[in-house]
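K.L.:
turn this into a model:
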Amino acid sequence: MPANLTPEFLKAREWFQSAETNEEKLAALERMLTTIPKHKGTDHMCADIKRRIAKLRDSQTQKRRGKGTSVEHVDREGAGQVVLVGPPNSGKSSLLAALTNAHPEVAEYPFSTVLPVPGMMAFQDVSIQLVDLPPVAAAYTEPWVYNLVRSCDLVLLVLDGSDSAGLLLAARDTLSLLEQRHVRLANDGIQLEDPSVKTIPCQVVVTRQDVASPDEGIDELQSLFPILCVSAVTGQGLDSLRAEIFEALHILRVYTKLPGKPPDLAQPYTFPVGATVLDAVRSVHRELVEQLKYVRLWGSGKFDGQKVPADHVLQDRDIIEIHPG
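P.N.:
As a prediction, the model looks like this:
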């Protein structure tokens, strides 16, 4: 069977062939894996790409262990990984402390954050991982910061609201530094044709609203990204920010139940919007996919408890009851 490789895959392969660092090679391989057509004709190619990715990741892990540090990687937890990016003294660490169970060092001087600091943010019945990163600045930015930004699900661009006159300039400087490292923050959902450029969705958070000056510069910023003004001191806007983060991740929650039993509403499975019943069954247990007889659904069906096909697209808060054969 012919492979019928897409132009996007071919560009990613060219990027891989010209890549000079392991980080670039890994990013190119991951792009190749997401753009290659999935059918029997590409099974061997997919397996080879996965093998190369595993080998590079293992090499990076061994390298980090040898150096006694793991700053270049933060293990994913929860329903999504969100990184806090911004210039020095923008209020990222205070925001992380206000939203999560983490205890980062909060200081009045710049560059107090030198390592990634993860924390878990609760929103309703899900947990979302937030990661505070060292500042992005023209003077100096830790090289591995850009790798963590590339691999996340959402960026919070954190800006100091007490300097509203400089908001737009700070945003543009940060965006420019990221673009120089092939990271594009945007909300259009469009991946550029250049496979070396990774587009990440972004939400702008303007901090220190308890001492903020008038809304100078806010209007111009709103033409670029959604903006939420918050205060880590008074709590202003934090509940809205939690909800905005959940919405921006484009995830849905699915609950399971056993026949004749009430649903388990304590810990939902989370999936990207567009996930199907089969995706949910696979997450519950891979072996159930081959044993599957039918699935009953409560929520997005025409009526509660109806049998739905495996390709039925799930909606947030659906409940499924799996019946193996």
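
K.L.:
and the pLDDT at the closest residue to Glu193 other than its chain neighbours?
P.N.:
Nearest non-adjacent residue to Glu193, counting by CB to CB, 6 or more residues apart in numbering: Lys11, 6.8 Å away. Every residue, glycine included, has its C-beta placed from N, CA and C. Looking at Lys11, its pLDDT is 85.

K.L.:
what about Lys11, which helix or strand?
P.N.:
Using DSSP states H and E, Lys11 maps to helix 7-18.

K.L.:
so for the helix or strand just after that helix, what's the average pLDDT?
P.N.:
Note on helix 7-18: by DSSP H and E, the next helix or strand toward the C-terminus is helix 22-35. Per-residue pLDDT over helix 22-35 has a mean of 81.

K.L.:
longest strand in the chain, please.
P.N.:
Identified as the longest strand of the chain according to DSSP state E is strand 264-272.

K.L.:
next, the buried residues of it.
P.N.:
The neighbour-count check on strand 264-272 (16 or more other CB atoms under 10 Å) flags Pro268, Tyr269, Thr270, Phe271 as buried.

K.L.:
quick one: the helix holding Lys11 to helix 22-35, angle?
P.N.:
For helix 7-18 against helix 22-35, the angle by axes from the mean of the first three to the mean of the last three CA atoms, to 10 degrees is 160 degrees.

K.L.:
give the buried residues for helix 7-18.
P.N.:
Neighbour count says helix 7-18 has Glu8, Phe9, Lys11, Ala12, Arg13, Trp15, Phe16 buried, by 16+ other CB under 10 Å.

K.L.:
picking that back up, mind listing what the residue nearest to Glu193 touches?
P.N.:
Contacts for Lys11 (CB atoms under 8 Å, 6 or more residues apart in numbering) come out as Glu193, Asp194, Pro195.

K.L.:
how far away is it from Lys38?
P.N.:
Separation of Lys11 from Lys38 (CB to CB, to the nearest Å): 18 Å.

K.L.:
between the very next helix or strand once past the longest strand of the chain and strand 264-272, how many degrees?
P.N.:
Next helix or strand after strand 264-272 toward the C-terminus (DSSP H and E): helix 277-284. Counting by the same axes, to 10 degrees, helix 277-284 lies at 120 degrees to strand 264-272.

K.L.:
flag the shaky bits of the stretch 51-200 of the chain, pLDDT-wise.
P.N.:
For the stretch 51-200 of the chain, the stretches flagged by pLDDT under 70 are 60-72, 105-113, 189.

K.L.:
which stretches in it count as strands?
P.N.:
81-85, 117-123, 126-132, 154-160, 183-185, 198-200 (DSSP state E, counting those that start in this stretch).

K.L.:
could you list every residue that touches the residue nearest in space to the middle of the chain?
P.N.:
Central residue of the chain (CA atoms, centre = their mean): Asp153, 1.2 Å from the mean position. When contacts are counted by CB under 8 Å, 6+ apart, Asp153 touches Gly80, Gln81, Val82, Ile200, Pro201, Leu249.

K.L.:
distance of the first one relative to Arg150?
P.N.:
In this case it means Gly80. Using CB to CB, we find Gly80 at a distance of 15 Å from Arg150.

K.L.:
those two: which is more packed in?
P.N.:
Between Gly80 and Arg150, Gly80 has the larger neighbour count (other CB atoms under 10 Å), namely 23 against 19.

K.L.:
my guess is the more buried one contacts Ser127. True?
P.N.:
No: counting by CB atoms under 8 Å, Gly80 stays clear of Ser127, with 9.5 Å between them.

K.L.:
redo the contacts of Asp153 as JSON lines? Include distance to Val136.
P.N.:
Listed next are the contacts of Asp153 as JSON lines, based on distance: CB to CB, whole Å:
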{"residue": "Gly80", "distance to Val136": "21"}
{"residue": "Gln81", "distance to Val136": "17"}
{"residue": "Val82", "distance to Val136": "16"}
{"residue": "Ile200", "distance to Val136": "13"}
{"residue": "Pro201", "distance to Val136": "17"}
{"residue": "Leu249", "distance to Val136": "22"}
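
K.L.:
could you flag which of the residues you listed are buried?
P.N.:
Gly80, Gln81, Val82, Ile200, Pro201, Leu249.

K.L.:
what bridges to Gln306?
P.N.:
Beta-bridge pairing for Gln306 (DSSP bridges): Leu297.

K.L.:
what about it, distance to Gly119?
P.N.:
Separation of Gln306 from Gly119 (CB to CB): 40 Å.

K.L.:
next one: Val131
P.N.:
Per CB to CB, Val131 is found 8 Å from Gly119.
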